[in-house]
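**Q** Sequence unavailable; structure follows:
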């Protein structure tokens, strides 16, 4: 799966989870997290290593159903994703715009989780 498809699938998965929370089991969320950890594996760079670390933290929070920690982790991931998207703004393939949308979606998900 290419990055554009993975980003779109993740965004849709987040929306679906908040629209139908009972429909999406924890295992599905862990699968998304694991997929992103693997996708970033070996790409290098301190920003990507930081994202992987935070994804691993998020995975642990999901496994423990620690909602405040999940919200904080999603917030961090969203902010970092938006920062990376800003750096990719000059790419003409739309990756920066997709990442910016993903960052906004993660921040929104964090806010929704805080309120639930």
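**A** Great, that's in hand. Note that the structure is a prediction, hence the values are computed from the model and not measured.

**Q** For residue 48, which non-adjacent residue is closest in space?
**A** Of all residues not flanking residue 48 in the chain, residue 40 sits nearest, at 5.0 Å (C-beta to C-beta, 6 or more residues apart in numbering). To be clear about C-beta, it is placed using only N, CA and C from the backbone, and glycine gets the same treatment.

**Q** For the protein, just list every one of the strands.
**A** For the chain, no strands are identified by DSSP state E.

**Q** Now do the helices in it.
**A** For the chain, the helices defined by DSSP state H occupy 3-19, 26-40, 46-64, 67-87, 95-115.

**Q** would TSV of the ones you listed with mean pLDDT be doable?
**A** Putting the helices of the chain into TSV (pLDDT from 0 to 100) gives the following:
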stretch	mean pLDDT
helix 3-19	78
helix 26-40	83
helix 46-64	87
helix 67-87	89
helix 95-115	86
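
**Q** Can I get those helices in JSON lines including mean neighbour count?
**A** Output for the helices of the chain, formatted as JSON lines (neighbours: other C-beta atoms under 10 Å):
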{"stretch": "helix 3-19", "mean neighbour count": "15"}
{"stretch": "helix 26-40", "mean neighbour count": "15"}
{"stretch": "helix 46-64", "mean neighbour count": "16"}
{"stretch": "helix 67-87", "mean neighbour count": "18"}
{"stretch": "helix 95-115", "mean neighbour count": "18"}
